[in-house]
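A.B. asks: Next come a sequence and a model predicted from it.
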Amino acid sequence: MGSKSLDFLKADIFRITKTYSTKQIIKNAFFNRSFKPIFTMRICQHLYERNTAISKLLLIIFRGLHRYVCNKAGIDLSWKTAIGPGFCITHGWGTVISPLAVIGSNVTVFHGVTIGTKHKILENGERVAGYPIIKDNVWIGANSVIIGGITIGEGSSIAPMSMIHKDVAPHTIAGGNPQKILKGNALEDVYNKVPIESLAG
């Protein structure tokens with residue numbers, strides 16, 4: 001499709017349909033409530049990348065459209081958030097993702113998930129904000145909260161209704177409140193995993 005953001009969009013639709021079909025992108029952009037915010041996010045990022053007079057004008061329009069579809073979907077997702085290819089939101093209601101979080105490829109997020117900031121207060125009273133880094137092939141269960149400057153390792157899973165505020169090692173299932181390791185050496189849980197190398201073509 002000619003840009004990184006549009007290539008990422010192809011990967012996003014693959015997670016749903018197991019195809020890179022433009023027809024499926026258009027169909028889901030109209031009728032799939034949870035896909036619409038991903039679609040408008042990628043279009044906004046594509047227009048920002050182009051940085052032409054026309055794209056700047058279109059970006060204003062699509063930013064407004066992005067806010068609208070996010071509100072309709074019950075999802076708080078900034079178009080500026082750094083999210084890798086193959087991003088999948090399942091159901092989506094109540095999902096909140098910080099604009100400064102970093103999310104890798106083939107990540108699955110369920111409804112009610114919060115990926116947000118946590119402030120550390122220094123002795124002098126200064127507040128230092130931290131934001132999560134979610135590595136590739138991570139599965140995040142419904143109503144989980146992931147906060148602060150932590151890293152969720154590649155291929156890990158976060159159990160539903162968990163409070164995660166410490167690093168999670170790769171290929172680990174973590175969950176609970178307080179946070180616990182539920183299983184190590186776990187298999188990754190990625191439905192319709194996108195072969196990222198195929199996007200180079």
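C.D. replies: Yes, it's here. Residues are numbered from 1 along each chain as shown.

A.B. asks: Mind giving me the packing neighbours of the helix or strand of the chain with the lowest mean pLDDT?
C.D. replies: Scoring the helices and strands of the chain by mean pLDDT, DSSP states H and E places strand 118-121 at the bottom, with a mean of 93. Strand 118-121 makes packing contacts with strand 127-130 when contacts are defined by 3 or more Cβ pairs under 8 Å, 6 or more residues apart in numbering; DSSP states H and E. (Glycine included, C-beta is placed from N, CA and C.)

A.B. asks: Paired strands for the strand it packs on, with orientation please.
C.D. replies: strand 118-121 (antiparallel) (DSSP bridges).

A.B. asks: Any idea how far the partner strand is from the middle of the chain?
C.D. replies: Computed by Cα atoms, centre = their mean, to the nearest Å, the separation of strand 118-121 from the middle of its chain amounts to 23 Å.

A.B. asks: got it, and stretch 103-122?
C.D. replies: Relative to its chain's centre, stretch 103-122 lies at 8 Å (Cα atoms, centre = their mean).

A.B. asks: First-to-last residue distance for it?
C.D. replies: 27 Å (Cα to Cα, to the nearest Å).

A.B. asks: list the buried ones in it?
C.D. replies: Residues 103-118 are the ones in stretch 103-122 that count as buried (16 or more other Cβ atoms under 10 Å).

A.B. asks: Return the distance of the closest residue to residue 127 other than its chain neighbours relative to residue 180.
C.D. replies: Distance criterion Cβ to Cβ, 6 or more residues apart in numbering; nearest residue to residue 127, sequence neighbours excluded, is residue 119 at 4.5 Å. In this view, residue 119 and residue 180 are 24 Å apart by Cβ to Cβ, to the nearest Å.
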